[in-house]
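In: below are the sequence and a predicted model for it; my questions follow.
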Amino acid sequence: MPRVLARLWRPRHTGKIALAREVTELLAAHFPDRTLRTVGDAAYAAEHLRGLNPQITWTSRLKVTSVLHELPPPRTGKKGRPRTRGPRLGTPTDLFQQLDWHRPKVRRYGRMDTVFLAEHTCLWYGSFHTRPITVVLVWDSNCGPGTGLDRGYGAALVTTDLTTSAEQIVERYAARWALETAFFDARQTLGVGEARNRNSPCSPTHPPLRPARLHRGHHLVGAGRPPTHRHR
């Protein structure tokens, strides 16, 4: 029987990113000999990820407004505070014009696709502070003139995993889609997390749980809000 790790999320209280980090770090503490690869969408990338345990890698979408910088230059040995970041690279749209592209095949959504990829190791100071990250830009037939994504790339991924290839990062991020469809079915078919399932008669047969996820089969299930009886 699988074990369930849960954390209560309440609107206007602790943020989802902070809870996701907390649960991931709990798993890391229980499995100190493993690397945990966490994957999330653009909503799961912010300053809450500063100082993340090196045992954990974090992969998500990079927001189009994110500002990137080169890695800091080597220390000169002179007096004064060393620089924490290098020259400004700009947003992903600025970055795509500066990179070299290659055309590999990647497995996404149950099929092999030929895409254009470009990658660069730099800093996303606003979210990961001084921890180096790799940005992977993806371009395929779903972007370009006439598609609404005429910005030079289709998707921008960001990861703290500096040892995995760009192709594998794309495949890792695409693998989360199967979990997204599972959540959709759980909510639409089983009523998971629905308010009507939080009252006493439904509780024995309809657990009020909200799903969350981690990559590589580490599924997290967070409890919904406790039943409340309020009169308008």
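Out: That came through, no problem. Quick caveat, the model's predicted, so the values are computed rather than measured.

In: give the bridge partners for His120, please.
Out: Per DSSP bridges, the residues bridged to His120 are Val135.

In: that one contacts Thr134, correct?
Out: Yes - with contact defined as C-beta atoms under 8 Å, His120 counts as touching Thr134 (7.1 Å). From N, CA and C alone the C-beta is placed, and that goes for glycine too.

In: can you give me the helices in this structure?
Out: For the chain, the helices defined by DSSP state H cover 16-30, 92-95, 125-128, 166-175, 177-185.

In: mind telling me which of those helices the model trusts least?
Out: Among these, helix 177-185 carries the lowest mean pLDDT, a mean of 69.

In: in the chain, which helix or strand is least confident?
Out: strand 219-223 (a mean of 36; mean pLDDT, DSSP states H and E).

In: residue contacts, Thr114?
Out: For Thr114, the contact set (C-beta atoms under 8 Å, 6 or more residues apart in numbering) comprises 103-105, 140.

In: 6 Å instead?
Out: Counting by C-beta atoms under 6 Å, 6 or more residues apart in numbering, Thr114 makes contact with Lys105.

In: now do the one 5 residues further on
Out: Under the criterion of C-beta under 6 Å, 6+ apart, the contact list for Glu119 reads 134, 136, 166.

In: could I get the helices of the chain as CSV with distance to His48 and mean neighbour count?
Out: Shown next, in CSV, are those (distance: least, C-beta to C-beta, whole Å; neighbours: other C-beta atoms under 10 Å):
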stretch, distance to His48, mean neighbour count
helix 16-30, 4, 17
helix 92-95, 21, 18
helix 125-128, 8, 19
helix 166-175, 20, 19
helix 177-185, 21, 12
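
In: fine, thanks again, bye for now.
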